[in-house]
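*Asks:* When you get a sec, could you give me coordinates for this:
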Amino acid sequence: MSATRVLIVDDNPAIVTLVQEILATKRYDVLVAANGEEGLAQLHTTQQAGHPVDAVLLDVMLPGLDGFHILEQLKADPDLNQISVLLVTGVGESRNKALGLEMGADDYITKPFDAQELLARLNAVLRIRRTEQVLRQRNQELAALDEINRRVSASLDLDQVLTAALEGLERLVKAVMLAIVLYDDEAGEWVVRTSRGAEGAWLEGRIAPVAQSAAAQALHDRRSVLQTAVADGFWSEVLGLAPLDLLYVPLIMHDEPIGLLTVVGQPETLDAQSLPILERVASSVSVAVENARLYGELTAFAEALQRSQNQLVQAEKMAAIGRLTASIAHEINNPLQTVQNSMHLAAHPNLDEAERQRYLGIARQEVNHLVGIVRRMLDFYRPASGVAMEVDLNKAVEDALAFANKRLEQANIQLVVRLAPDLPPVQGFASQLTQVFLNIIINAIEALENGGQLWIGTAYHAERDQVVAAFRDSGPGLLPTAYEHLFEPFFTTKTTGTGLGLAISYGIVERHGGTIEVESTPGAGATFIVRLPRHREEEAD
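*Replies:* All right, here's what the predicted structure looks like:
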């Protein structure tokens, strides 16, 4: 610890000599200035050199600028205003004492003074100064720690968390290098994940050898380790600095080390006083690293789950179309047969031009019908994009009916469709909603084994701002036991099928912010009602 530095500003050589002798008994480092201007110059010089003065003994009566003017300039200077000032006044100068204290002097002493009184008053102001310095430093540390905690807790991105922690520590610790070393499970090595310093960008990603060093001790003992003026192979080589100071603070989670906060400094610059703040930061970083890791695992799981759901939805699309394969083949074969016959007739040599054009027109019409079927199927098969679009619910119903139309005819089912005109669009994915409606229609067809009626309608519920699609069949209805489990995966009342159709439909409608309901009485048919909001909740947010 360096000696306390005191500046004497006095033009009386006898007084200066006396004070020097008194201060020498307590090993003070004493500087002398004969006037105010010289005193201010010395204060600035020592401050810039990194060896600031701790206290000034300032005589009030000085040649040139008097002590009050020097005091005023000193207190107005942000680099010097924390220096303690002890005014030296003459007997009976009570007015000067009061004025000096009002201007910011810490205390005063009257000439002639006693050596013990001088030392006592000087020690008192220095003690107060040291206390204020400690309080200021603690306030700065707490403010910096609060800022670090705020930034660390504001993100679940690991790299952002670690960078925020080191940026905050840069304001608290005088270091050549700050680094966070984490264990890489895939590589099986301790790796520098983030660093701050001249070599920071080059260090990141490098393997940090910790097996045979103080770092290994910090990890094993789960406590901080400080080394001063040592030659470390890795850090000395990286920074070109030897000797150096090293401070390792382990990052602990669930009583297991997950990393190291590493501080590298010039020799004899790091000490144990910085350990408490570093250990608090290390504790916050440990929690943040664990949160980021858990968030990463959760995100990966959610992405895998989403991929599985998408694959399941796509597979159920294929299954739904598979149940309509024969009728779709018939739907395609009929236009093809018509095109073939029309082209054959149009090619007859004795046919007049008007008839030929009529047959060609029929062929063109059927080709357009085929193109529409193929386009509809391609749109249905195509996986939904990640961006919700405006969907015309009437068109989604019509597309579903287009797939099932032939099957409805073959099953002798009377179809009644009432689609509301000017139906407002909903936000969602057209192919997924078509899949929901197609699944409901196929279930109705399979329920109407001996024919019957299927009524389909759409409407807009203005009060709830919902678009509604309803499907009512005249089939046997549902038993109460089936009604309770209808939307559960793998539940089915049929001898064939996966039991996933309604479960997937329920999930699709739910992700659109809507509901799917069923009303049924045994022997009186079943009604499926799909309600969808015009605007999804995440868009409103």
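
*Asks:* State the number of residues packed around the closest residue to residue 394 other than its chain neighbours.
*Replies:* Distances taken as CB to CB, 6 or more residues apart in numbering put residue 419 closest to residue 394, at 4.5 Å, once the chain neighbours are dropped. Where C-beta positions appear, they are placed from N, C-alpha and C, glycine not excepted. Residue 419: 16 surrounding residues under other CB atoms under 10 Å.

*Asks:* okay, the residue nearest the centre of the chain: pLDDT?
*Replies:* Compute the mean C-alpha point of the chain, and by CA atoms, centre = their mean the closest residue is residue 155, 3.6 Å away. The model reports residue 155 with a pLDDT of 71.

*Asks:* cool, and residue 331?
*Replies:* According to the prediction, residue 331 has pLDDT 57.

*Asks:* can you check the one 3 residues further on too?
*Replies:* Looking at residue 334, its pLDDT stands at 63.

*Asks:* Over to residue 415?
*Replies:* With respect to pLDDT, residue 415 scores 92.

*Asks:* Helix or strand for it, just tell me which one.
*Replies:* strand 413-418 (DSSP states H and E).

*Asks:* got the contact list for that strand?
*Replies:* 397, 401, 408, 444-445, 448, 451-458 (CB atoms under 8 Å, 6 or more residues apart in numbering).

*Asks:* hey, what's residue 416 bridged with?
*Replies:* residue 455 (DSSP bridges).

*Asks:* How much space separates residue 265 from residue 228?
*Replies:* Distance of residue 265 to residue 228, given as CB to CB, to the nearest Å: 9 Å.

*Asks:* Now do the shared contacts for these two.
*Replies:* Residues within reach of residue 265 and of residue 228 at once, by CB under 8 Å, 6+ apart, are residue 245.

*Asks:* Please say which of those two ends up with more neighbours.
*Replies:* When residue 265 and residue 228 are compared for neighbours, residue 265 comes out ahead with 21 against 15, by other CB under 10 Å.

*Asks:* The more buried one touches residue 175, doesn't it?
*Replies:* Yes: assessed by CB atoms under 8 Å, residue 265 is found in contact with residue 175 at 5.0 Å.

*Asks:* Only the buried residues of the strand holding residue 415, if you could.
*Replies:* Taking 16 or more other CB atoms under 10 Å as the neighbour-count basis, strand 413-418 is seen to contain the buried residues residue 413.

*Asks:* For the strand or helix carrying residue 431, what does the pLDDT average out to?
*Replies:* Using DSSP H and E, the element containing residue 431 is helix 430-447. Averaged over helix 430-447, pLDDT sits at 87.

*Asks:* Restrict that helix to CA atoms and write it as CSV.
*Replies:* Coordinates of the C-alpha atoms in helix 430-447 are reproduced here as CSV (Å, rounded to 0.1, in the frame of the first residue of the first chain):
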residue,chain,number,x,y,z
ALA,A,430,-55.9,-22.2,-46.2
SER,A,431,-54.6,-25.8,-46.8
GLN,A,432,-54.9,-26.6,-43.1
LEU,A,433,-58.5,-25.3,-42.8
THR,A,434,-59.4,-27.2,-45.9
GLN,A,435,-58.0,-30.3,-44.2
VAL,A,436,-60.2,-29.7,-41.2
PHE,A,437,-63.3,-29.4,-43.3
LEU,A,438,-62.4,-32.4,-45.5
ASN,A,439,-61.9,-34.5,-42.4
ILE,A,440,-65.3,-33.6,-41.0
ILE,A,441,-67.0,-34.2,-44.4
ILE,A,442,-65.3,-37.6,-44.7
ASN,A,443,-66.4,-38.6,-41.2
ALA,A,444,-70.0,-37.6,-42.2
ILE,A,445,-69.8,-39.7,-45.3
GLU,A,446,-68.6,-42.7,-43.4
ALA,A,447,-71.4,-42.2,-40.8
